[in-house]
Structures are given as structure tokens and as C-alpha cells.
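Participant: Got a predicted structure here, sequence first:
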Amino acid sequence: MLKLVKIAVGSVISIFLADMLGLRYSTAAGIITLLTIQDTSRETIIISVKRICAFLLATVLAYTAFHVVGYHVFSYGIFLFLFIACCIPLHFGEAVSVNAVLATHYLMEKNMSFAFIGNEALLLLIGAGIGTLLNLYMPGKEKEIRLMQHRLEEDLRTVLSRMAEYIGKENRSDYTGSCFDKLQADIAAGKKQAFAYMNNTFFQESKYFIDYMNMREQQTVVLRDIYKKIMRMRTVLPQTAQVAELLDETAVSFGESNNARELLAKREEVLRRMQVSELPGTRQEFEDRAVLYGILTDLAYFLQLKKEFADSLTKEQVLKYWDGGAGCGR
């Protein structure tokens, strides 16, 4: 709805300004505003810059075509062919339509004087300028992303808690991977929100949410591997309770501002106790003990991903997104 309001208001303002300046084809300024306003501020600015650069190219090509061949439809066709051929390798595709329309004004007026080229340049600058200015305002989406982060962490807690529960059971017939479906859907939605947020802001710190979502996505891949290993186990070993306890503790304390150092230390302690415990007595126990080691290895990678994410943050990101750095040492 906001985008529609911007398009309507911006087009009216552009046409009004063009009329006030006495420009010919003033309605074109309104159409340019309509085509300029995109979903994000960054996209709008990029497209406006491309159209201005393409205008210079279009002016040179149109001047050449119309003065060599004459002001008729065939020369316009030659201009259009050359212009599109030049725009494609320059990635100016978004600039073709606007500048092609402006070039028709030269054809209809049979005029490419300096003054009339200035008329077309002002139409472009007014239309693109008003559209860009209006689209610099975008409602803050940080609150929505924060809510999505909380949902993701609840999803992960659910997955980890179920792992802690079912690793200690021999009958896992009702343990399915359905809990990953919501997690994966929320990660996809979170990444979409994060990219939109970054494209509407102009600070390096805004990349935080994209890095966060990518980290959670990588962790989800690791958790799927752990789930598969749990499903392969056939016995409940004495050491299983220690791994279950670690999974449960991870579910409780792995949140956004936890750098995972303590959890990694506890994982090392569980591994040390397993290494000094009595050797397995049967082949099945041996295989299941190996699976437990594999789970601990995966869990170490899961936690390491969070630690690397925490270590990669700038001071500005910590202050902005971790409530003044609270929790950095956990």
C-alpha cells in the first residue's frame, strides 16, 4: 500500500514540477517516477543511476542516427537496435524503456537541439529524483526480523529438545523429521526479511541479519545429520544420558548472544568422560558408541558455527544488536 501511495503522489509531484518549469512532455516525468520506485531503497538508487548513465549513451546514439539517416521511424529503429545492443553488456536493461520513450520525443519534434536535450534531461532528473527521494523512506523492519529470530530460536530449541528426549529411547517410531519443516520455512522467510532490511539501509552493520540467518541455516544442516545418526542407534548406552544432557543444555542456552564457548567446553568434558569409560561389550554397543562420538563431533561443529559468527561481529554490530554487548562472554 505504501508503494502505491508513493507512486501516485510522486507521479503527481513530478508532473507538477515539470509543468512549473515549462517542460514539454511533462507527463513523462510522472511515468519515470512510477518506473523508478522499487521495492527497496537500494534498488531505486541503482536503477536511477543506470538510467542517467544510459541517457548519456542514448543521446549520443540518437543524435547520430537522426542526423545521419534523418528524423523518421527507420532511424528510430536503428537507434533502438544500437541502444539495446549497448545496454545489454552494460547491464542497463532497466534503463531501456525510459530512454527509448524519451528518444521518441526527438523523433516527434524532429529536434535535437541543446535546449531540447536539456528538456529531456530535466524530465529524467525530476522523475528519477522524486522517485528516489520518496523511496528513501522505508518503514523499519527490524522488529519483524527480531520476531523471526525468536521464532527460529524456538524452532531450534524444539529440535534439540526432541533430540535430547529421543536419543534416550529405543523405540523412535514416532520420532520424525517434521520439526525441521517449520524451521526451514522460518529460515527462508527470515533470509528474505534480512535481504530486504539490508537493501533499505546503507550501513555495513545491517548485514548482521543475513549473516545470522546463514549461520542458522548451516546449523540446521548439522542438526539434520544428528537426527539421522540418532535414528541409526539401536541401544541406549550409559553414555547416552550424558549426550542427552548436553543436547538439552544446548537447547536452553544457545541463544543469539551466546558465543557458545561454555557449551564447547562442556562438550569436551562429555567427550573426555566417554573416552575413559568402560569399552563396549558387544558389536552393537560398539557401533552405537561410534554414533555417539559422531553426534558429539556434529554438535561441536554446530557450536563452532555460532562461535565463529560471534567472533566475526564488529564492535558496532555487538553494540547495536546484542543490547550493548550483554552476553558476549557467555
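Facilitator: Thanks, I have it. Numbers count the residues shown, from 1 in each chain.
Participant: This protein: strands as residue ranges?
Facilitator: Under the criterion DSSP state E, strands are not mapped anywhere in the chain.
Participant: how about the closest residue to residue 73 other than its chain neighbours, what does it touch?
Facilitator: The spatially closest residue to residue 73, leaving aside those adjacent along the chain, is residue 107, at 7.4 Å (C-beta to C-beta, 6 or more residues apart in numbering). Quick note: C-beta positions are derived from backbone N, CA and C, even for glycine. Contacts of residue 107 were listed using C-beta atoms under 8 Å, 6 or more residues apart in numbering, and they are 66, 71-73, 75-76.
Participant: What's the PyMOL line that selects buried ones from those?
Facilitator: The following PyMOL line selects those of those that are buried, judged by 16 or more other C-beta atoms under 10 Å:
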select buried, resi 66+71+75+76
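Participant: so which of the contacts of residue 107 comes closest to residue 46?
Facilitator: Among the contacts of residue 107, residue 76 lies closest to residue 46 (C-beta to C-beta), at 27.7 Å.
Participant: measure the closest one to residue 65 for me?
Facilitator: Taking C-beta to C-beta, to the nearest Å as the measure, residue 76 and residue 65 are separated by 7 Å.
Participant: same thing with residue 232?
Facilitator: On the measure of C-beta to C-beta, residue 232 and residue 65 end up 71 Å apart.
Participant: Comparing these two, which residue is more hemmed in?
Facilitator: The residue with the greater number of neighbours, taking residue 232 and residue 65 and applying other C-beta atoms under 10 Å, is residue 65; the counts read 25 against 11.
Participant: per-residue pLDDT, the more buried one?
Facilitator: Reported pLDDT at residue 65 in the predicted model: 95.
Participant: Tell me if I'm right that it and residue 74 touch.
Facilitator: No: proximity of residue 65 to residue 74 does not meet the contact threshold set by C-beta atoms under 8 Å, at 9.2 Å.
Participant: Quick check: which ranges of the stretch 151-300 of the chain have low pLDDT?
Facilitator: For the stretch 151-300 of the chain, residues meeting the criterion pLDDT under 70 lie at 202-206, 254-259, 280-281.
Participant: where along it do the helices fall?
Facilitator: 179-199, 208-232, 240-253, 261-275, 283-312 (DSSP state H, counting those that start in this stretch).
Participant: Between helix 208-232 and the first one, find me the angle.
Facilitator: Looking back up the chat, that one is helix 179-199. Inter-element angle recorded for helix 179-199 and helix 208-232: 170 degrees (by axes from the mean of the first three to the mean of the last three C-alpha atoms, to 10 degrees).
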